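*Asks:* Prediction below, plus the sequence it came from.
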Amino acid sequence: MSSLRGLRQIVLAAALAAAAACAHVEPGREVLRSIDFEGNESIPASAIEERLALTETPIWPWSDPYYFDAGTLGGDRRRLVRFYQANGFYEARVRTRVRREDGDVHVTFRIEEGPPTRVERVEVRGLEALPADVRDALEREELPLRVGDRVTEEAWEATRALLASRLRDRGYGDAAVEGEVVVDVDRRAATAVVEVRPGARLRFGRVVVTGAVDVPRETILESVRRDVPEGSRYSDERLAEAEQNLLAMGVFGGVRVGRGPTDPASNRVPVVAAVREAPFQTVRAGVGAGIDPGSVSVRATGDYTHRNFLGGLRTLRFENELGYALLRNGATVLAHGVVGESALDFTQPGLVRSVDANVRVGYEHDIDLAYRFDALTGRIGFPIRLHRTLTFTPSWNVQRIWLTENVAIAPGGGSGNCQLEQGDCVLAFLEERLAWDRRDNPIETRAGWYTALAAAQGRTWLGSRSSYDRVLGEVRWFQPLPWDWVLALKVEAGALFPARGERSPITERFYAGGSNSVRGFAWNQLSPWQLRRGATSAERIDPRDAVPIGGDALLEGSAEVRIPIVGALGTVLFVDVGNVARDVREDAGELRRPNLALGTGLRYRTPFGPVRLDVGWLAVRNLPCVVEDGACGTAQVDTSPFALHFSIGEAF
């Protein structure tokens, strides 16, 4: 009886929710429930919907209704005819069918596209006065409006704008591009005539700075003149580079680098750099959380930044993070406790022209599945700005690490080279990092790419107790798709080469699995494992009887389609592949036997990145091996084929 009573309560609640949704409807109004299209073979429905004034009511029961209006429907028919004409269908016809049902209205647009009009000829006039090299280059470059394509107003406007932009980037800053498209409706053919008036070839003049108060004008002038030297040939692209480099200083809330009026006597154009200074000192605080089958963590952050420390735009950052982490295998808690880190970071800009100096010292206390650790770290680096989006950073790094095992997996005793899960050690290494970032937005990326390569060399003559070489590279690619979708791709590979006769430092090894990796595994569980002391070896090992200890080789990749649903809510479909090998030389073949995870997730956009929930399933499982006597044995860890992840920020 109790279950029947519960079912009745659920049905009653659903009925009340439905009644509440209907209560929003105004008396005498008809709710527009659906809009459909028939006959639109050449243009997708999503593009047509953007041109309509009518809007169908969302399916969510809590959404306010949208109403049907016959006058608006007539306007939409005319708008669609005009839209089709703008896309080359000059004989298009649009009719509508309206179906009424219990106060709801369903509208269907029946479209007769007719045959398209295509471009028969594109004629560009006015290039004769240009130098031969400029004229030849412009004639070789393809334009959006091409012979044989369907003629569209969008392609025509893009052709004019692109041709003008190409002229301005070659020095013709006052170039004008006009013309017309002549359409022969009977023949369904169009001729595009482009009239070019290039004007004089211009050069940059003096730089004028406005809006600077505390930032020295000479600092701004020096930055702008690097991109637009006085007397150099005019280019819109150079102005954009100068603007981006000023913004990259991090001390301006707004920047606009543009041109002034042309001086006809000298054919020079002044450069105007208008800036709005941001506060030099800022304090930020926030919280974050991450949950998956292998870990639960909650962290709070607090940062202080001074962007003009001791003058000269020197930057001082004090970064802090404090939280609590719990690591588990199923219901078994392996380790838990307070985690955190603090770091002091100082940057001296322009040490030598485009070379900065950076010094960073920090302390970290954290928990891994195999060990806890405390670490004092230091780094001296010299970021070299090869380009606004390209940075090369050589650095010297030192780490003093104290390791304490979480579970008994290793023989007793200390380790001075970080090769065991307990003891203390010193690692010192040189690192060279090259990063090239061409993303449109680093937080919510829709287009562009990012690539990075880091190589490290640990040597005893640098003060290290362990000698090794480590390399890690990654490439990310983002491609916008129709319907506001985004395709995101990532490939990452790494290798760790310890000196012969040594094992690799455990803190430098590779792991995979988790919310930012192969999402069919819990955090760090795609890795070689080691039995706890006292556990019995078998063909399949329960994850509670072993812990992951990392490997010396990594290869993984991800592909996901990011799909908006409504408002800030979206979803993703993803495929992850990857594996981790114990030894580069002996077990690299494991990388050719990747795990494959399929999954989906939800995204909710926020100003600091999307809050996300992902679920992954291992469609192809190559279970992690168990290391015995320093090598992978025949035993495997029987991890779950499903994993659920909750975190903040995109996977990559």
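*Replies:* Everything's here; your move.
*Asks:* Now do residue 419: how many residues are near it, please.
*Replies:* When neighbours are defined as other Cβ atoms under 10 Å, residue 419 has 19 of them. Where C-beta positions appear, they are placed from N, C-alpha and C, glycine not excepted.
*Asks:* That one reaches residue 507, doesn't it?
*Replies:* No: counting by Cβ atoms under 8 Å, residue 419 does not reach residue 507; the two are 9.9 Å apart.
*Asks:* show me where the protein has helices.
*Replies:* Under the criterion DSSP state H, helices of the chain are mapped to 2-22, 45-49, 70-86, 132-140, 153-168, 217-227, 236-247.
*Asks:* State the distance from the nearest residue to residue 314 once chain neighbours are set aside to residue 382.
*Replies:* In space, and not counting its chain neighbours, residue 314 is closest to residue 348: 5.6 Å by Cβ to Cβ, 6 or more residues apart in numbering. Per Cβ to Cβ, to the nearest Å, residue 348 is found 10 Å from residue 382.
*Asks:* same question, residue 482
*Replies:* Distance from residue 482 to residue 382, by Cβ to Cβ: 45 Å.
*Asks:* Between the two, tell me which one has more neighbours.
*Replies:* residue 382 (16 against 8).
*Asks:* quick check: domain ranges of the protein?
*Replies:* The chain breaks down by automatic domain parsing into domains covering 17-112, 118-197, 203-277, 281-346+355-648.
*Asks:* Can you read off the pLDDT for residue 599?
*Replies:* If you check residue 599, the pLDDT there is 96.
*Asks:* Revised request: answer the last question for residue 34.
*Replies:* 93.
*Asks:* That one contacts residue 101, doesn't it?
*Replies:* No: counting by Cβ under 8 Å, residue 34 does not reach residue 101; the two are 10.3 Å apart.
*Asks:* Looking at these two, which is more packed in?
*Replies:* Each of residue 34 and residue 101 has its neighbours counted (other Cβ under 10 Å); residue 34 has more, 13 against 8.
*Asks:* The residue nearest to the more buried one when sequence neighbours are not counted: what's it in contact with?
*Replies:* Of all residues not flanking residue 34 in the chain, residue 106 sits nearest, at 4.7 Å (Cβ to Cβ, 6+ apart). Counting by Cβ atoms under 8 Å, 6 or more residues apart in numbering, residue 106 touches 33, 34, 36, 98, 99, 100.
*Asks:* Compare those residues and tell me which is most surrounded.
*Replies:* residue 33 (19 neighbours).
*Asks:* Isn't it up against residue 58?
*Replies:* No: counting by Cβ under 8 Å, residue 33 does not reach residue 58; the two are 10.1 Å apart.
*Asks:* I'd like to know how far residue 56 sits from residue 108.
*Replies:* 12 Å.
*Asks:* Compare neighbour counts for those two and give me the winner.
*Replies:* Counted by other Cβ under 10 Å, residue 56 and residue 108 do not tie: residue 56 has more neighbours, with 19 against 15.
*Asks:* where's the more buried one relative to residue 31, distance?
*Replies:* Applying Cβ to Cβ to residue 56 and residue 31 gives a distance of 9 Å.
*Asks:* Now for those two: what residues contact both?
*Replies:* Common neighbours of residue 56 and residue 31 (Cβ under 8 Å, 6+ apart) are residue 66.
*Asks:* the longest strand in this structure is where?
*Replies:* strand 332-352 (DSSP state E).
*Asks:* Identify the neighbouring strands of that one in the sheet and state each direction.
*Replies:* Partners of strand 332-352 in the sheet, by DSSP bridges, are strand 315-329 (antiparallel), strand 355-367 (antiparallel).
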